[in-house]
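> can't give you the sequence, but here's the structure:
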């Protein structure tokens, strides 16, 4: 993903603030502690080294702490954790280690899980925004039956309302851990990751080396106890001698070590984590849009008492997995992308004060999508071993219900002048570039040499009504090519996309030529003109791109068919596997693996608005 590469370019999150709402945060952990300043919950302190606000809410937990091995502490560590001594366990720092955090505790007053507060936009997102946060990370959502979770509910609508009103904000949301749902293999993304304007994140596997290293950070005793509870067995039962292989995979350390070592191809960063929820949304939109490592992630471990004093080192680290772990990784990287623009690296690739800009959340989102690379691993489609599908290639249709537009990578989109990666970057993020129905804008890009040109168009769409049959309100179209005989439409190549507010084209162009891009306002039904962001990479000089006098006559593309949005059909269900009892046991253990230990925010215990 190149976070280390970005660090080498002195982009470590300096000047960036990231919001996060989760179960709680052990701010006494060395990844967050400021030895020179006392942290006082509900009092903003922008001089704090790491946590500039720990917010509690009257309707959620107000204990200002996290449970032992808590979800929130692990998540925030992956975003921006960094040991205050600059040394201890520094290799497990977050993706944006110099960024600061605005944290909201949404743990419930009693029991486990999370309690999503009412008026989430105003009470959580706006509080973070007012303290400078322009990326907000959320590792929680609805889990279970797609008919109640894969919807455009009031939570999704609220995210769209906030981002439309405050376009500088990017809200990043976990897609969910229902990929191993025994009844469904498609449309398992849960709200609010179904919102249009958020960036929904799925989970890729980690590298083989990360798998082997992370095994020492498993809480094996907790795994055995949880498996025993689910299977109604004594807490002292022997995982390693249980007849069910899924039980041994879950809580037998020696079995797991052998499995990883003896099946290297099954543990690779090019694979999708099997639990990662799959798209599309109920109305055919592409979610998740991107994936990031979310399996066997080592980060900060809470000791259950934020004021207990200093804790650091190996004992203060824990392995977890889930899209909850992929989401903070993506959020930290989003902050690095934002820093690239705020510090003035674009377009020259050299940090210059006269290039400093204030990027919209749309620009950060489109940049991440443009840089994404396809994963070439496989996925067990039906979760029963009967069909394994390749995750790539994802073009010409460009998208996948498993990995969206691909895995996040930054050195494929962020240009630096001291490295020749064969591409340059062009962006249009002008807040005055809005279009009304029927209007269009064309971009002419003289190519220096032949190569791949990748264009991404995105916009923050106004919120639709809750449970709208089709959530998209304002429809823009992306068309790229050289002329009407050699051009393609966004996402479907030969047909217009009428449901997504992210469109992408990838074309090979031969120089010398002028490559052209058109953004067309097909229908602006509400609150026009519609602002948008365009991000393009390819073999060109961004200073030579022009719009004045650029004309692009394109083909008349028909709208894509409904079936185009549902490559596996709509909401296909039915129990899979052999003996029903065994299927239930496997399902329980998969849920444990992806939910209880590592992604507790996803599960029946979460309280959020229903459709």
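In hand now; what should we look at? In this text the structure is predicted, and so the values were computed from the model without any measurement.
> what about the residue nearest the centre of the chain, which SS state?
Centroid check for the chain by Cα atoms, centre = their mean gives residue 201 as the closest residue, at 2.6 Å. Three-state call for residue 201 (DSSP: H, G, I helix; E, B strand; the rest coil): strand.
> most residues in a single helix of the protein, which one?
As assigned by DSSP state H, the longest helix anywhere in the chain is helix 323-342.
> any idea which helix or strand comes after that one?
For helix 323-342, the following helix or strand on the C-terminal side (DSSP states H and E) is helix 361-371.
> tell me the angle that following helix makes with helix 323-342.
For helix 361-371 against helix 323-342, the angle by axes from the mean of the first three to the mean of the last three Cα atoms, to 10 degrees is 110 degrees.
> Tell me which residues of helix 361-371 come out buried.
For helix 361-371, a neighbour-count test (16 or more other Cβ atoms under 10 Å) marks 361-371 as buried. (Each C-beta comes from the backbone N, C-alpha and C, glycine too.)
> can I assume the residue nearest to the centre of the chain is in contact with residue 176?
No: Residue 201 lies out of contact with residue 176 (Cβ atoms under 8 Å); the separation is 10.0 Å.
> Make sure residue 481 is indeed in a helix.
No: Residue 481: not assigned to a helix; according to three-state DSSP it is strand.
> List the beta-bridge partners for it.
Following DSSP bridges, residue 481 is listed with bridge partners residue 487, residue 516.
> burial count for residue 529?
Other residues within reach of residue 529, judged by other Cβ atoms under 10 Å, total 15.
> Apologies, that question was intended for residue 229.
Neighbourhood size, residue 229 [other Cβ under 10 Å]: 12.
> Could you check the host helix or strand of it and say which residues are buried?
Using DSSP H and E, residue 229 sits in helix 220-231. Buried residues in helix 220-231, counted by 16+ other Cβ under 10 Å: 223-224, 226-228, 230.
> Can you tell me which of these is closest to residue 412?
Set against residue 412, the nearest of these by Cβ to Cβ is residue 223 (37.1 Å).
> Check the gap between the closest one and residue 138 for me.
26 Å (Cβ to Cβ, to the nearest Å).
> And for residue 405?
Using Cβ to Cβ, we find residue 405 at a distance of 20 Å from residue 138.
> who's more crowded, the two?
Using other Cβ under 10 Å as the criterion, residue 405 and residue 138 rank with residue 138 on top: 32 against 26.
> who does the spatially closest residue to that one that is not a sequence neighbour bridge with?
Excluding its sequence neighbours, the residue lying closest to residue 138 (Cβ to Cβ, 6 or more residues apart in numbering) is residue 173, at 4.7 Å. Counting by DSSP bridges, residue 173 is bridged to residue 138, residue 200.
> circling back to that earlier point, would you list the buried residues of helix 361-371 in a markdown table and tack on distance to residue 245 and pLDDT?
Formatted as a markdown table, the buried residues of helix 361-371 follow (distance: Cβ to Cβ, whole Å; pLDDT from 0 to 100):
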| residue | distance to residue 245 | pLDDT |
| --- | --- | --- |
| 361 | 44 | 98 |
| 362 | 46 | 98 |
| 363 | 47 | 98 |
| 364 | 43 | 98 |
| 365 | 41 | 98 |
| 366 | 43 | 98 |
| 367 | 43 | 98 |
| 368 | 38 | 98 |
| 369 | 38 | 97 |
| 370 | 42 | 97 |
| 371 | 39 | 96 |
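> Of the residues you listed, which pair is most distant in space?
Maximum pairwise distance among the buried residues of helix 361-371 (Cβ to Cβ): 16.2 Å, between 361 and 371.
> Now do the contacts for the closest residue to residue 360 other than its chain neighbours.
Excluding its sequence neighbours, the residue lying closest to residue 360 (Cβ to Cβ, 6+ apart) is residue 167, at 4.8 Å. Counting by Cβ atoms under 8 Å, 6 or more residues apart in numbering, residue 167 touches 360-362, 431, 460, 531.
> pLDDT weak spots in the stretch 101-250 of the chain?
111, 182 (pLDDT under 70).
> In it, mark out all the strands, start to finish.
Under the criterion DSSP state E, counting those that start in this stretch, the stretch 101-250 of the chain contains strands at 133-138, 170-174, 199-204.
> Show me the contact partners of the shortest one.
Outside strand 170-174, the residues within contact range by Cβ under 8 Å, 6+ apart are 125, 134-141, 159, 162-163, 192-193, 195, 197-201, 322-324, 326-327, 330-331, 334, 338, 361-362, 364-365, 599, 601-602.
> Was I right to think residue 47 contacts residue 37?
Yes: between residue 47 and residue 37 there is a contact under Cβ under 8 Å: 6.5 Å.
> returning to that earlier point: between the buried residues of helix 220-231, which is closest to residue 291?
Of all the buried residues of helix 220-231, residue 291 sits closest to residue 223, with 24.9 Å by Cβ to Cβ.
> Tell me the spacing between the closest one and residue 139.
Separation of residue 223 from residue 139 (Cβ to Cβ): 20 Å.
> Same question for residue 445.
Residue 445 is 38 Å from residue 139, where distance means Cβ to Cβ.
> do the same with residue 424
Taking Cβ to Cβ, one finds residue 424 at 35 Å from residue 139.
> more crowded one of these two?
The neighbour comparison of residue 424 against residue 139 (other Cβ under 10 Å) goes to residue 139, with 33 against 22.
> Quick check, the more buried one in contact with residue 324.
Yes: the pair residue 139 / residue 324 is scored as a contact, 3.5 Å apart, by Cβ under 8 Å.
> Just give me the neighbour total for residue 5.
For residue 5, the tally of surrounding residues (other Cβ under 10 Å) stands at 16.
> and if you look at residue 254?
Residue 254 has 10 nearby residues by other Cβ under 10 Å.
> What strand or helix carries it?
Counting by DSSP H and E, the element that carries residue 254 is helix 253-262.
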